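Participant: sequence first, predicted coordinates after that:
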Amino acid sequence: MFNKNPFPLKTTNPFWQELSDIRQHLHKFPELSWQEFETTQFIEEKLKSWGLDLKRFENVKTGGYCDLGSGPVIAFRSDIDALPISENTKHKVLSQHPGIMHACGHDYHTTIGLGLIKYFLENKSKLKGMLRIIFQPAEEAAPGGAEKVVEENIWEKVKCILTTHVDPTLTPGKIILREGAVQASSTSLSIELNGRGGHTSRPFLTNDLIQISSQYIVQLTAFLNQITDVQETLAFVFGSIHGGTTHNIIPEKVNLRGTLRTLDNEILEKTLSSIHQFSKNFALLYGIKIKVLFPTNCPASINDPYLYDEFIRFMKKAGLENNLLMPKKPSLGADDFAFFAQKVPGLYLMTGGKGTGLLHSGDLVLDDRLIRPTIEFMAGFISYLSKSNDF
C-alpha cells in the first residue's frame, strides 16, 4: 500500500465498499470471451445508477464504453472476459459458473474502470477533457476483442490509451513500468505440406513428407535464428505435428502448428515475410507444396515514450518512486492491448495484487486491497496528464 496518499481521493468508505462489492459480483458470475452478456448488462445497470450511460459498440455484441467530460480524450481499457478454468472450491468468493473463472484478474480490471468513472464523476474538477473507459470483451480470445474494438468509430479525439494489469507476485501499491515492449507479440502458425504419398517400400516414388517435414522444422528454425540479431528476442516453437495413418503408408499431407513471439513489431513483420519466402524456396527444392497461414497475429505491446516519461515524472512528483519498479526484461506473454497502442499512444502498467496462486490458475486469489492504490495512482496520473500543457 502507499505509505501516504499524495493524491487523496475525496471519497468515503462506502465508495470503496461499493467497488469491493462490484468486484465480488463480477468474480461470482464470470463469462467467457464473446459471451459477456450478463457482465455487460451489469456494467450498464451500474453506470445508470450513477446517472451515466454505457454506449454499445456498433459491430461487437458485448462490452461498450462510457464517456465523462468533454474535449480531448484519455481512454482506459478494462477487459471483462473470464477463462475456461475450474476454480478451487475452497475460495471464499467463488465462481457460480462451473468451469469458468476470472483467473486473470479481469474482475479487478472492470472494477478499476468503473471506479475511475465514479471518482471523476464525483470530482469533475480533477479532469480536464474527457475520460473514456472502454469495457473490452474477449481479451483472452484469439483473435481478440481489441481487433474489433479498434475498428469502431470511437477514436477521433483520443489522445492516448492507458491500462493496468494485476500481478499476483507484487504487493498492492507496487507498480511495474517497462520502457518499450511490455508484452510480446504472439503469432500462431498453421503450415501444411503436400506431396506424393505411397508405400514405405518405395519412398523414391513419393515425396517422403515425414522426413521432409522434419527437415523443414530444423532448417526453418536455424534459418530464422541466423537472420535475427542475437541481441533480439525471437521465440519460435512448433507445438503440433500431424501426418500419416499407419506405419507403412507415406502420407500425402503433414500439418504443423506453432507459435512465434517477438518484442519488436518490425522484426515480427520481417520474420513472417521470411517464413513465406523460405517455405516457397523449400517447396521448390523438394518438389512439394507448402501452404503457410498465420491464423492469429497479435503484435507486441509497446509503451509510448512520452507516456512512459510522463508517468515517471508523475510518480516522482507524487513521491512514489519507491513504489515504482522498472525491470529490464518484458513478459513474453501477449495482450491484445497492442492493437490499441498501434492506433493511439498507449501505456501498459502492471499493478500489485499479491495473494495466492498464479494467473490462469484455478488457485488464483488476489488481494482486494489492490483496488484502492490502483485507482489512486491511475486517477492521479489521468488528472496530471489531462492538465499537462503538452497534452
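Facilitator: Arrived safely, thanks for sending. Numbers count the residues shown, from 1 in each chain.

Participant: right, and Asp368 touches Leu19 too?
Facilitator: No: judged on CB atoms under 8 Å, Asp368 makes no contact with Leu19 at a distance of 9.0 Å. Yep, even glycine has a C-beta here, placed from its N, CA and C like the rest.

Participant: between those two, point out the one with more neighbours.
Facilitator: Leu19 (22 against 19; other CB atoms under 10 Å).

Participant: quick check: that one vs Gly258, distance?
Facilitator: 42 Å (CB to CB, to the nearest Å).

Participant: how about His165?
Facilitator: Separation of His165 from Gly258 (CB to CB) stands at 26 Å.

Participant: between these two, who's got more neighbours?
Facilitator: The residue with more neighbours, out of His165 and Gly258, is His165; 25 against 19, by other CB under 10 Å.

Participant: quick check: phi and psi at the more buried one.
Facilitator: Backbone geometry at His165, expressed as degrees, to the nearest 10, gives phi -120, psi 130.

Participant: excluding chain neighbours, what is closest to Arg23?
Facilitator: Using CB to CB, 6 or more residues apart in numbering and skipping residues adjacent in sequence, the residue nearest Arg23 is Thr111, 4.2 Å away.

Participant: what secondary structure does that neighbour sit in?
Facilitator: Following DSSP: H, G, I helix; E, B strand; the rest coil, we place Thr111 in the helix state.

Participant: burial of it, as a residue count?
Facilitator: Neighbour number of Thr111 under other CB under 10 Å is 27.

Participant: list the contacts of it.
Facilitator: For Thr111, the contact set (CB atoms under 8 Å, 6 or more residues apart in numbering) comprises Leu19, Ile22, Arg23, Leu26, Ile371.

Participant: cutoff 6 Å now
Facilitator: Residues near Thr111 by CB atoms under 6 Å, 6 or more residues apart in numbering: Leu19, Ile22, Arg23.

Participant: measure the last one to Gly380 for me?
Facilitator: Right, the one you point to is Arg23. Relative to Gly380, Arg23 is positioned 21 Å away (CB to CB).

Participant: swap in the first one?
Facilitator: When CB to CB is the yardstick, Leu19 and Gly380 sit 17 Å from each other.

Participant: shaky segments in the protein?
Facilitator: Counting by pLDDT under 70, the chain has low-confidence residues at 1-12, 391.

Participant: secondary structure class for Ile133?
Facilitator: Applying three-state DSSP: Ile133 is strand.

Participant: ok, now His242?
Facilitator: Assignment for His242 (three-state DSSP): strand.

Participant: can you give me the helices for the stretch 51-200 of the chain?
Facilitator: Ranges of helices in the stretch 51-200 of the chain, per DSSP state H, counting those that start in this stretch, are 106-122, 145-149.

Participant: could you dump the ones you listed into TSV and include distance to Lys354?
Facilitator: TSV is the format used below for those (distance: least, CB to CB, whole Å):
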stretch	distance to Lys354
helix 106-122	13
helix 145-149	27
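
Participant: okay, buried residues for stretch 57-68 please.
Facilitator: Within stretch 57-68, the residues that count as buried by 16 or more other CB atoms under 10 Å are Phe57, Val60, Thr62, Gly63, Gly64, Tyr65, Cys66, Asp67, Leu68.

Participant: who is the closest residue to Leu325 other than its chain neighbours paired with across the strands?
Facilitator: In this structure, Leu325 finds its nearest non-sequential neighbour in Ile176, 5.0 Å apart by CB to CB, 6+ apart. Taking DSSP bridges as the rule, Ile176 bridges to Leu325, Met350.

Participant: roughly how far does Ile176 sit from Val166?
Facilitator: Ile176 is 11 Å from Val166, by CB to CB.

Participant: more neighbours, these two?
Facilitator: Val166 (26 against 21).

Participant: quick one, phi/psi of the closest residue to that one other than its chain neighbours?
Facilitator: For Val166, ignoring the flanking residues on the chain, the nearest one in space by CB to CB, 6+ apart is Gly105 at 3.6 Å. Dihedral pair for Gly105: phi 80, psi 10, per degrees, to the nearest 10.

Participant: look at Arg23 and Gly380 and report which has more neighbours.
Facilitator: Arg23 (25 against 21).

Participant: buried residues, the host helix or strand of the more buried one. List them.
Facilitator: For Arg23, the element it lies in under DSSP states H and E is helix 13-28. The neighbour-count check on helix 13-28 (16+ other CB under 10 Å) flags Phe15, Trp16, Glu18, Leu19, Ser20, Ile22, Arg23, Leu26, His27 as buried.

Participant: return the closest of these with respect to Gly51.
Facilitator: Comparing the buried residues of helix 13-28 against Gly51 with CB to CB places Glu18 closest, at 14.7 Å.

Participant: and the gap between that closest one and Ser388?
Facilitator: Glu18 sits 30 Å away from Ser388, going by CB to CB.

Participant: can you give me the strands in the stretch 151-300 of the chain?
Facilitator: 158-167, 175-176, 181-183, 186-194, 198-199, 234-243, 249-250, 253-262, 289-293, 297-298 (DSSP state E, counting those that start in this stretch).

Participant: what does the third one rub up against?
Facilitator: By CB under 6 Å, 6+ apart, the surrounding residues in contact with strand 181-183 are Leu263, Ala300, Ser301, Ile302, Asn303, Pro330, Ser331, Gly333, Ala334, Asp335, Tyr348.

Participant: for PyMOL, what selects the buried ones among those residues?
Facilitator: For the buried members of the contacts of strand 181-183, the matching PyMOL selection, counting by 16+ other CB under 10 Å, is:
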select buried, resi 263+300+301+302+303+330+331+334+335+348
